[in-house]
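Participant: below: sequence and its predicted model.
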Amino acid sequence: MKRSLFIAVLFFAVGWCSPQRMQSQPISVAFVDGFVTRYGQPVPGVTVSLVHPRIGRGAPSSTDIGGHYFFVNVPMQPDPYYIEVYWGTQLLFRNIILVSQPRIQLPPINL
Amino acid sequence: MTVFDITILIGAICGLTMVIGGIVLLKAGVIKLEQVAPGPGSSDGISAEILKFIKIQTRYPALGLFVIGLVFVVTAALISKPTDTAAVTLKGLIDAPNPAAFKVEVNPTMWAKLSPDNDGTVDALFHPDVQKIAIHFFAPPGMDRPTDQRTLDLRKDRILDFKRIKFSKVLEEPSPGPSVPPPANIQNQAAVNVQAKSLPATIISLPKDVKIEPLESKKAF
């Protein structure tokens, strides 16, 4: 009886921790956007990039004519991302942000 | 490598094999150069014609192997030569203070916009319009607009002329923000930054134990 119970518990534990079950849990992602400005005027054409020390760097976004940038499918993480702004390849700005909600509108970045 | 490429490669290998094999057979004495066909009209002579332009003829039957091998090699070389019938010329002028910093992309216009069935199947008929070409201009930072696009019809002379496109500089490159040390409590500061009214132009230094991927690295998300 005890042996049957042990085997049943073992099967249940293996099923609970199986890779298929872990993969089936959706990864929570967020939409992040904001504006880049200089003296209150939009800055078009600069590159904005999100990078996480553990995950890596995401696809960069370029600001449009209104200085707006956005990122889709940013994995939500308990630890912060670094957000960077580049003029071509020249780094102009870097700060840290927390991506813990599905929709994040960041405050304007003043260059 | 496509089936076409493989066919060309096999043709060239066959040709080389026949030439090298002919040399080996000549050396072994199986075929001899002394055997000569009687005259130009003789059936013992071998001739080959490639695409009506090149005609190779020999009165030495022993050289037939070389001739056939050569035909294989030349045919493979002619077929594999890249054709320039589809070449298109792009002309025009980017009127901007720093035109060399621009990037120009040439693409066909969108050929079809389709909606899959409920089960995900896509089965649609569309006619690609190869006569319309889209030219995308990507400006460097600080111009009056970051991108622009022109759609042109491909003429008979296959020249795409976008004439003149003007961009003006509206912003000089700002100086990088001052470098500041990382905050003591990164977690809290990151949450505060999201709620702040604005983010000042600073460059937060990376903590010693943190390394981040460079800008040009492979994208993770």
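Facilitator: It's in. Quantities reported herein were computed from a predicted structural model and do not represent experimental measurements.
Participant: spit out the contact partners of the spatially most central residue of chain A.
Facilitator: Taking C-alpha atoms, centre = their mean, the centroid of chain A lies closest to residue A:74, which sits 3.1 Å from it. Residue A:74 is in contact with A:29-32, A:50, A:58, A:81, A:99, B:221, counting by C-beta atoms under 8 Å, 6 or more residues apart in numbering or on different chains. Bear in mind the C-beta positions are built from the backbone N, C-alpha and C, glycine included.
Participant: closest to residue B:206 out of the residues you listed?
Facilitator: The nearest member of the contacts of residue A:74 to residue B:206, counting by C-beta to C-beta, is residue A:81 at 12.7 Å.
Participant: that closest one touches residue A:99, doesn't it?
Facilitator: Yes: at 5.5 Å, residue A:81 counts as touching residue A:99 under the criterion of C-beta atoms under 8 Å.
Participant: got any residues that touch both of the two?
Facilitator: Common neighbours of residue A:81 and residue A:99 are listed as A:50, A:74 (criterion: C-beta under 8 Å, 6+ apart).
Participant: from the contacts of residue A:74, which two are the most distant?
Facilitator: The most widely separated members of the contacts of residue A:74, counting by C-beta to C-beta, are A:31 and A:81 (13.7 Å).
Participant: more neighbours, these two?
Facilitator: Counted by other C-beta atoms under 10 Å in any protein chain shown, residue A:31 and residue A:81 do not tie: residue A:81 has more neighbours, with 26 against 15.
Participant: how many neighbouring residues does residue A:47 have?
Facilitator: A count of nearby residues for residue A:47, using other C-beta under 10 Å, gives 21.
Participant: related to what we said a few turns ago, buried members of the contacts of residue A:74 into ChimeraX, please.
Facilitator: Of these, the buried ones go into a single ChimeraX selection, burial set by 16 or more other C-beta atoms under 10 Å in any protein chain shown:
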select /A:30,32,50,58,81,99 /B:221
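Participant: would you list the contacts of residue A:74 in TSV and tack on secondary structure and pLDDT?
Facilitator: Shown next, in TSV, are the contacts of residue A:74 (DSSP: H, G, I helix; E, B strand; the rest coil; pLDDT from 0 to 100):
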residue	secondary structure	pLDDT
A:29	strand	93
A:30	strand	94
A:31	strand	96
A:32	strand	96
A:50	strand	95
A:58	coil	93
A:81	strand	95
A:99	coil	94
B:221	coil	89
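Participant: and of the contacts of residue A:74, the nearest to residue B:116?
Facilitator: Closest to residue B:116, out of all of the contacts of residue A:74 and judged by C-beta to C-beta, is residue A:29, at 22.3 Å.
Participant: return the distance of the closest one relative to residue B:218.
Facilitator: 19 Å (C-beta to C-beta, to the nearest Å).
Participant: is it possible to get a markdown table of the contacts of residue A:74 that adds distance to residue B:11?
Facilitator: Formatted as a markdown table, the contacts of residue A:74 follow (distance: C-beta to C-beta, whole Å):
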| residue | distance to residue B:11 |
| --- | --- |
| A:29 | 52 |
| A:30 | 57 |
| A:31 | 55 |
| A:32 | 56 |
| A:50 | 53 |
| A:58 | 48 |
| A:81 | 56 |
| A:99 | 58 |
| B:221 | 47 |
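Participant: confirm residue B:9 sits in a strand?
Facilitator: No: read with DSSP: H, G, I helix; E, B strand; the rest coil, residue B:9 is helix and lies in no strand.
Participant: contacts only, for it.
Facilitator: By C-beta under 8 Å, 6+ apart, residue B:9 lies in contact with B:1, B:76.
Participant: same question, residue B:8
Facilitator: B:76, B:79-80 are the contacts of residue B:8 under C-beta under 8 Å, 6+ apart.
Participant: just among those residues, which is most surrounded?
Facilitator: Comparing the contacts of residue B:8 by number of neighbours (other C-beta under 10 Å), residue B:76 comes first, having 20 neighbours.
Participant: which pLDDT value belongs to residue B:27?
Facilitator: pLDDT, residue B:27: 84.
Participant: quick check, it in a helix?
Facilitator: Yes: using three-state DSSP, the assignment for residue B:27 is a helix.
Participant: check the gap between it and chain A for me.
Facilitator: Separation of residue B:27 from chain A (C-beta to the nearest C-beta, to the nearest Å) stands at 63 Å.
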